[in-house]
Structure formats: C-alpha cells, structure tokens
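1. Show me the folded form of this:
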Amino acid sequence: MFQHVTVLMEEAIDGLAVKPDGIYVDCTLGGAGHSSGIVSRLGVGGRLIAFDQDDWAHDNARVRLASSMDKVTLIKSNFRYLEQRLLECEGVPQKDGVPQVDGILFDLGVSSPQLDEAERGFSYNHDAPLDMRMDRDIGLTAGDIVNTWDERDIARILMEYGEEKFARKIAREIGAARAKALIETTGELVELIKAGIPAAARRTGGHPAKRTFQALRIAVNDELDAEEDALEQAIRCLKPGGRASVITFHSLEDRICKQTFAKYLEKCSCPPDFPLCVCGGKGTLKLVNRKPIVPSDEELEVNPRARSAKLRVAEKL
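-> Presented below is the predicted three-dimensional model:
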C-alpha cells in the first residue's frame, strides 16, 4: 500500500461542503487520502468518482476503500479528459450534454509514493533510470528529453517550468555529456546539474537539482496544460452551488488556478454608488476563500513536504 500523508486533508474536503447524496470527483486519487475523507461523508445515494493514471493508485484504493467500493468509481485516466470520462460514467446527470457533479477536488503535483519509489525516477535523492512518467503507458520519458531534445529546448523548459536561473549552463553540461555517452540515471543528471550551478549558489535554496527535476517532470507529464484544461472543464461540470477545491504545490500551478478562477468571477463595472448591478457583469464563480489556505504549523511538523501547498476553493453560481 501507499505510505502517504495527505496534505490539507480536512480543509480541502470541508471546502467541498460534501452533501451525503452528492456526486464528487477526486481528480488526483493518489494515496486515496482525500478520497477516503470524501467517502466517509457520503450517505445512501452518494458517489465518488476518482481519477488517476497510475496503476499503483488504483491498486491501493481498492484496498483502502474496500468497505466503500459500492460508492466509488475508479477511472484510469489523466484528469485532462475529465468531461469526456464523466460523460461515459453511468448515472452522472447532464445539462445540455455537459455532466453535472456536486464537487471536484484536485491535489496537484507528484505524490509522496512516486517520489519515494526509486525506480520511478522522480527523486534526485535516489539513483534510478530517468523516467518520471506518472502513467507508464505513455512514451516520453525524462531520459528522452535529456538525451534527444535540443539544448535550447531543454534550457527553455528549465526556465519556464523550473524557474531555474542557471538553465542555459545546465543545458550546456547536459549537451556536452550526452555527446560522449547517453545520460541514463538520475544520479548522472544530478552531477551535471551541480556542474552547471556555481558553487556559491549550490549552498543555498535547497537541493540544487530540485528545480530541474520539477521542470522535467512537468514536461514529461504535460502537467500545466493538463491542469488548465481540467480546471476549465471542472467549472463547466459543476452544478450550481457545486465547489472546486484545488491544492497546488508551486507558483506555476497556483498561478494557473488563480487566473482560471479569476476569469469566471463576477466583474461588476457599475459605479460604487449604484444600489443594484445593471452592467450584466455576473460571473460564473465566487471565491469561498479570498486568500489561499496554507498548512498549519502542526501539519508542517508532521509533513514538511506540505510547506509549499496552497488551497483555493471556488463555488459555481
């Protein structure tokens, strides 16, 4: 089974305002922590639909949720196909051909078990093949990027997805090394990253490979485009009064969530002294929490990996 500490567990589920007979979607099943919390609040007629592209997550969920599987539907899919997969689910109501559910949860980023299983290649702390695929049925691996992409493209993703200021130097180190032999393991890549970062910079800001590994993982799994696609679909698929809870772990994810929600907020342009809105700027969403919710000090003591987590919650009008 997964050994996984769920981040912002109660806060994210409270944000959904779970109704006992509602239909809820966990777009990131992972260790099934949030899913088990949602299921515990469901009564007769309640249903959870859980997405994950990792077979391990499904195997774990069948054990962890064994006593409640009559209320659970597991879907092996990237959440970017949310609307399509929900349309394929029997019993999900529709409006104008769009599935309608009561709440949708996203816990973005890589799960702790994926980090901790060395052979997955997500971690710079374990020497392993350069993989980083969340769905091991897809073709592109981190090794493919490192060994075949143009240096300029490697530098670009390190800058865009990892916010790595030494991206060009790291890309040059990669290019020089692969001209002699394929770069096959995370350990080899870590040494090249260190060589591309000045010694003074390596001594601050955590592990020097953190930003590069984040960038490669995002590129392999097309995470940011998938997040944007899925959030747009989630807003369409919520019933009026339904809620979306979104947990992010770095600034790029959080920016996409914040900007996507902002597109659908009420935008009244009437003068402040007007007693009623007459401009017709009614939105689709309202924010449940104006500022993102962050982990408590108590949670951080138990789970330091939660340090960068932020939760945003919005409700469909």
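2. Pick out the residue closest to the middle of this protein.
-> The residue lying closest to the centre of the chain (CA atoms, centre = their mean) is L108, at 1.7 Å.
3. pretty sure it is in contact with L252, am I right?
-> No: taking contacts as CB atoms under 8 Å, L108 lies outside contact range of L252: 10.0 Å. Every residue, glycine included, has its C-beta placed from N, CA and C.
4. quick one, helices of the chain?
-> Assigned by DSSP state H, the helices in the chain fall at 9-16, 33-40, 55-64, 82-88, 112-116, 142-148, 151-162, 167-178, 186-196, 199-202, 210-221, 223-237, 251-263, 297-302.
5. pLDDT of the longest one, averaged?
-> This points to helix 223-237. The average pLDDT within helix 223-237 is 98.
6. what stretches of this structure score poorly on pLDDT?
-> In the predicted model of the chain, residues 1-4, 112-116 satisfy pLDDT under 70.
7. Give me the spatial nearest neighbour of R307, chain neighbours excluded.
-> In space, and not counting its chain neighbours, R307 is closest to L300: 5.9 Å by CB to CB, 6 or more residues apart in numbering.
8. ok, that neighbour to V294 distance?
-> Counting by CB to CB, to the nearest Å, the separation of L300 from V294 is 9 Å.
9. can you redo the helices of the chain as TSV with mean neighbour count and distance to C279?
-> Shown next, in TSV, are the helices of the chain (neighbours: other CB atoms under 10 Å; distance: least, CB to CB, whole Å):
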stretch	mean neighbour count	distance to C279
helix 9-16	20	30
helix 33-40	22	38
helix 55-64	17	46
helix 82-88	18	30
helix 112-116	19	47
helix 142-148	18	48
helix 151-162	19	37
helix 167-178	20	45
helix 186-196	20	52
helix 199-202	10	51
helix 210-221	24	39
helix 223-237	20	22
helix 251-263	17	17
helix 297-302	11	42
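10. Show me the one of these that comes nearest I23.
-> I23 lies closest to helix 82-88 among the helices of the chain, at 9.1 Å (CB to CB).
11. Give me the contacts around that closest one.
-> Residues from elsewhere that reach helix 82-88 (CB atoms under 8 Å, 6 or more residues apart in numbering): 25, 27, 49, 51, 75, 77, 92, 94, 97-99, 101, 104, 230, 233-234, 236-237.
12. one more time with 6 Å, if that's ok
-> With CB atoms under 6 Å, 6 or more residues apart in numbering as the test, helix 82-88 has contacts from I75, S77, V92, P99, A230, Q233, C237.
13. can you give me how far it is from the chain middle?
-> Chain-centre distance of helix 82-88: 19 Å, with CA atoms, centre = their mean, to the nearest Å.
14. Same question for stretch 93-107.
-> Counting by CA atoms, centre = their mean, stretch 93-107 comes out at 18 Å from the chain centroid.
15. now do stretch 189-205
-> 27 Å.
16. Convert the C-alpha atoms of it to PDB, please.
-> What follows is stretch 189-205, C-alpha atoms only, in PDB (Å, rounded to 0.1, in the frame of the first residue of the first chain):
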ATOM      1  CA  LEU A 189      21.900  14.000 -14.200                       C
ATOM      2  CA  VAL A 190      22.300  15.400 -10.600                       C
ATOM      3  CA  GLU A 191      26.000  15.600 -11.100                       C
ATOM      4  CA  LEU A 192      25.600  17.500 -14.400                       C
ATOM      5  CA  ILE A 193      23.200  19.900 -12.700                       C
ATOM      6  CA  LYS A 194      25.600  20.600  -9.900                       C
ATOM      7  CA  ALA A 195      28.300  21.200 -12.500                       C
ATOM      8  CA  GLY A 196      26.100  23.800 -14.200                       C
ATOM      9  CA  ILE A 197      25.400  25.800 -11.000                       C
ATOM     10  CA  PRO A 198      28.100  27.900  -9.400                       C
ATOM     11  CA  ALA A 199      29.300  26.600  -6.000                       C
ATOM     12  CA  ALA A 200      28.000  29.600  -4.100                       C
ATOM     13  CA  ALA A 201      24.500  29.100  -5.500                       C
ATOM     14  CA  ARG A 202      24.600  25.400  -4.700                       C
ATOM     15  CA  ARG A 203      24.900  26.200  -1.000                       C
ATOM     16  CA  THR A 204      21.600  28.000  -0.800                       C
ATOM     17  CA  GLY A 205      18.000  27.300  -1.700                       C
END
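17. how much space between the residue lying closest to Y124 once chain neighbours are set aside and I170?
-> What sits nearest to Y124 in space, not counting adjacent residues and going by CB to CB, 6+ apart, is A209, at 3.9 Å. Counting by CB to CB, the gap between A209 and I170 amounts to 9 Å.
18. Now distance to K310 too, for the helices of the chain, in TSV please.
-> Converted to TSV, the helices of the chain look like this (distance: least, CB to CB, whole Å):
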stretch	distance to K310
helix 9-16	11
helix 33-40	15
helix 55-64	23
helix 82-88	21
helix 112-116	18
helix 142-148	26
helix 151-162	18
helix 167-178	25
helix 186-196	27
helix 199-202	26
helix 210-221	16
helix 223-237	14
helix 251-263	5
helix 297-302	13
